[in-house]
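> Return a 3D structure for these sequence lines:
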Amino acid sequence: MKCHIKCGRISPNVFKQYQNCRPASWICPFCLLQELPGDVNISPDPGKINNYWDKLPFPFGFSNDDLSTTDTTGDTTLEGMEDYDFTAFNSKGLHHIHINIRSLPPKIEELRFLATKTNATTISVTETWLDHSVTDNEIHIDGYNLFRKDRNREGGGVCIYTHINRAVTRREDLEVDDMETVWVDVLLPRSKPITVGTCYRPPKSNPKLFIEHLENSTNMVCSTNELIILGDMNINTMKDSYLTRFYKSFISNNGLLSIINEVTRISKNSISCIEHILCKSNFKVRQSGIFQIGISDHFMVYCTRKKAVESINFHNTVHIRSLKKYDVKLYISKLQDIDWSSRIYNCCEVNIAWSNLKKILIDIVDTIAPQKQIRLKHKSQSWLNSDILMNIKLRDTLLKKNRSIRFQKTGLN
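Below you'll find the predicted structure:
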């Protein structure tokens, strides 16, 4: 097991002995619990001496029962992760979600899983850590269009995924060069457009300048449009400070409402609410809340617009030919029944002869192999097997337990 010398409580001499033969890059499982070693027994036998889980620095009261997982042997699809409660996204309406992902490329498969389960209209992502070297195809999600604004591979950047069933236009007129935002208009049949903004404020940036730019963009939105702003503002609304009061003043002065008032991040020594969702009118919001998943150290936040609307191209479909009734002898027989002389051989114009031939062949094929429409289903990558899915679930179980303990230590629970 590869780990830090303090995490594993091993001597410097032993650490040096295996340091030379370990891989160049690795993640300490004691620190991040994101790369579980292959020799770890997920359901450890208490009688074994070589029990790695007993060596983990779990707090008092944390038992191996909390590590129990559902057997997903043989299940190589994302359906193996059924312990997550996605019932909130079963309600009718338009779902909008946001997550600070802290580097998108290595976590794109989990984001695709979330997109499949939530069927969100928009997925706002901050801290994408992208630049021009990462193509759209690398971070593509089936059934979604991508709009992005990058910084570099070391931090920052935002993007928004919009469902292909919705007509969307990008609002570059609302975007400022020195501000990490992406704005789009979601166009709905027989309804007002929804302007959706994805924002990220770096911790060391000028908060007043950020709020001023955000206010200018908000004022440029058409008064008849609905407005939803999602993002990581790095402004802790649970803490009373001058910055928090200034930010809340901007919200109230522009007729906005902040609908996320729960803890969205639990660090080692603090808790905070820095992921926000702002909307112009609260009466059209059916629900809102947080969703704990271990993609990053930030919680996912979401909201659902009340009214269900008519979808555009609701399902992805293709047309294929059904070969159930296809018979070679029948095909040849129908060809032999055609009067080729009058329709092809005696035709003086080559274009007319070609049109006749094409129509004859298509009519025969449509008879013995008719067209039918089928729906395309989203499938996970072949390498995303049951072991990886089980480790993802285990990671999130441990992370949720750890966050709960940190929250209790603050004395606010």
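> can you name the farthest residue from the center of this protein?
Largest separation from the mean C-alpha position in the chain: residue 346, at 62.4 Å (CA atoms, centre = their mean).
> Could I get the average pLDDT for the lengthiest helix in the chain?
Longest helix in the chain by number of residues, with DSSP state H as the criterion: helix 386-409. Averaging pLDDT along helix 386-409 gives 78.
> now for that helix, which elements pack on it?
Here helix 386-409 is seen to pack against strand 265-266 when contacts are counted using 3 or more CB pairs under 8 Å, 6 or more residues apart in numbering; DSSP states H and E. In short, each C-beta sits where N, CA and C put it, glycine included.
> chain center to the helix or strand following the strand it packs on, what's the gap?
Counting by DSSP states H and E, the next helix or strand C-terminal to strand 265-266 is strand 271-272. Strand 271-272 sits 23 Å away from the centroid of its parent chain (CA atoms, centre = their mean, to the nearest Å).
> which residues of the stretch 51-200 of the chain fall in helices?
Assigned by DSSP state H, counting those that start in this stretch, the stretch 51-200 of the chain shows helices spanning 52-55, 108-118.
> Flag every buried residue along the longest one.
Taking 16 or more other CB atoms under 10 Å as the neighbour-count basis, helix 108-118 is seen to contain the buried residues 108, 109, 110, 111, 112, 113, 114, 115, 116, 118.
> per-domain residue ranges of the chain.
89-312+396-409, 317-375 (automatic domain parsing).
> Bridged to residue 266, which residues?
Judged by DSSP bridges, the bridge partners of residue 266 are residue 271.
> got it, and the one 10 residues further on?
With DSSP bridges applied, residue 276 shows beta-bridge pairing to residue 231.
> what sits against it?
Shown in contact with residue 276 (CB atoms under 8 Å, 6 or more residues apart in numbering): 229, 230, 231, 232, 233, 235, 237, 258, 260, 301.
> same thing with residue 187?
So residue 187 contacts 166, 167, 168, 169, 193 (CB under 8 Å, 6+ apart).
> Among those, name the buried ones.
Buried members of these, counted by 16+ other CB under 10 Å: 166, 168, 193.
> Give me the below-cutoff pLDDT ranges for the chain.
1-83, 281-283, 307-316, 377-382, 409-413 (pLDDT under 70).
> Let's verify residue 224: helix, strand, or coil?
Look at residue 224: counting by DSSP: H, G, I helix; E, B strand; the rest coil, its state is coil.
> Tell me the spatial nearest neighbour of it, not counting adjacent residues.
Sequence neighbours aside, residue 192 is the residue nearest to residue 224 in space, at 5.8 Å (criterion: CB to CB, 6 or more residues apart in numbering).
> what about that neighbour, distance to residue 291?
Relative to residue 291, residue 192 is positioned 27 Å away (CB to CB, to the nearest Å).
> okay, these two: which has more neighbours?
residue 291 (17 against 12; other CB atoms under 10 Å).
> Quick check: of the buried ones among the contacts of residue 187, which lies closest to residue 369?
The shortest approach to residue 369 among those belongs to residue 166, at 35.3 Å (CB to CB).
> Got phi/psi on the nearest residue to residue 133 once chain neighbours are set aside?
Closest residue in space to residue 133, ignoring its immediate chain neighbours: residue 153 at 7.4 Å, by CB to CB, 6+ apart. Dihedral pair for residue 153: phi -80, psi 0, per degrees, to the nearest 10.
> Residue 153 touches residue 127, doesn't it?
No: Residue 153 is beyond contact range of residue 127, at 11.5 Å (criterion: CB atoms under 8 Å).
> So for the two, which residue has more residues nearby?
The residue with more neighbours, out of residue 153 and residue 127, is residue 127; 22 against 15, by other CB under 10 Å.
> Residue 229 versus the more buried one, what's the distance?
17 Å.
> can you give me the strands in the stretch 251-400 of the chain?
257-258, 265-266, 271-272, 275-279, 285-291, 300-305, 317-321, 371-375 (DSSP state E, counting those that start in this stretch).
> Convert the C-alpha atoms of the last one to PDB, please.
These are the backbone C-alpha positions of strand 371-375, laid out as PDB (Å, rounded to 0.1, in the frame of the first residue of the first chain):
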ATOM      1  CA  GLN A 371     -38.000   1.100 -42.000                       C
ATOM      2  CA  LYS A 372     -38.500   1.500 -38.300                       C
ATOM      3  CA  GLN A 373     -37.500   4.100 -35.700                       C
ATOM      4  CA  ILE A 374     -35.500   3.100 -32.600                       C
ATOM      5  CA  ARG A 375     -34.400   5.100 -29.600                       C
END
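> in that strand, what counts as buried?
For strand 371-375, it's none, nothing buried (16+ other CB under 10 Å).
> Direction-wise, compare it with strand 317-321 and give the angle.
When axes from the mean of the first three to the mean of the last three CA atoms, to 10 degrees is applied, the directions of strand 371-375 and strand 317-321 differ by 150 degrees.
> ditto for the longest one
Inter-element angle recorded for strand 285-291 and strand 317-321: 90 degrees (by the same axes, to 10 degrees).
> what packs against strand 285-291?
Here strand 285-291 is seen to pack against strand 275-279, strand 300-305 when contacts are counted using 3+ CB pairs under 8 Å, 6+ apart.
> Give me the angle between the shortest one and strand 285-291.
I take that to be strand 275-279. Here strand 275-279 runs at an angle of 170 degrees relative to strand 285-291 (the same axes, to 10 degrees).
> Strand 275-279 vs strand 300-305, what angle?
Between strand 275-279 and strand 300-305, the angle comes out at 10 degrees (the same axes, to 10 degrees).
> got the contact list for the residue nearest to residue 224?
Contact partners of residue 192, counting by CB under 8 Å, 6+ apart, are 224, 225, 226.
> before we move on, what about residue 182?
147, 148, 149, 158, 159, 160, 170, 175, 197, 198.
> try it again with 6 Å
147, 149, 158, 160, 198 (CB atoms under 6 Å, 6 or more residues apart in numbering).
> quick one: the spatially most central residue of the chain and residue 141, what's the gap?
Taking CA atoms, centre = their mean, the centroid of the chain lies closest to residue 111, which sits 3.1 Å from it. Plainly put, residue 111 is 7 Å away from residue 141 if you go by CB to CB.
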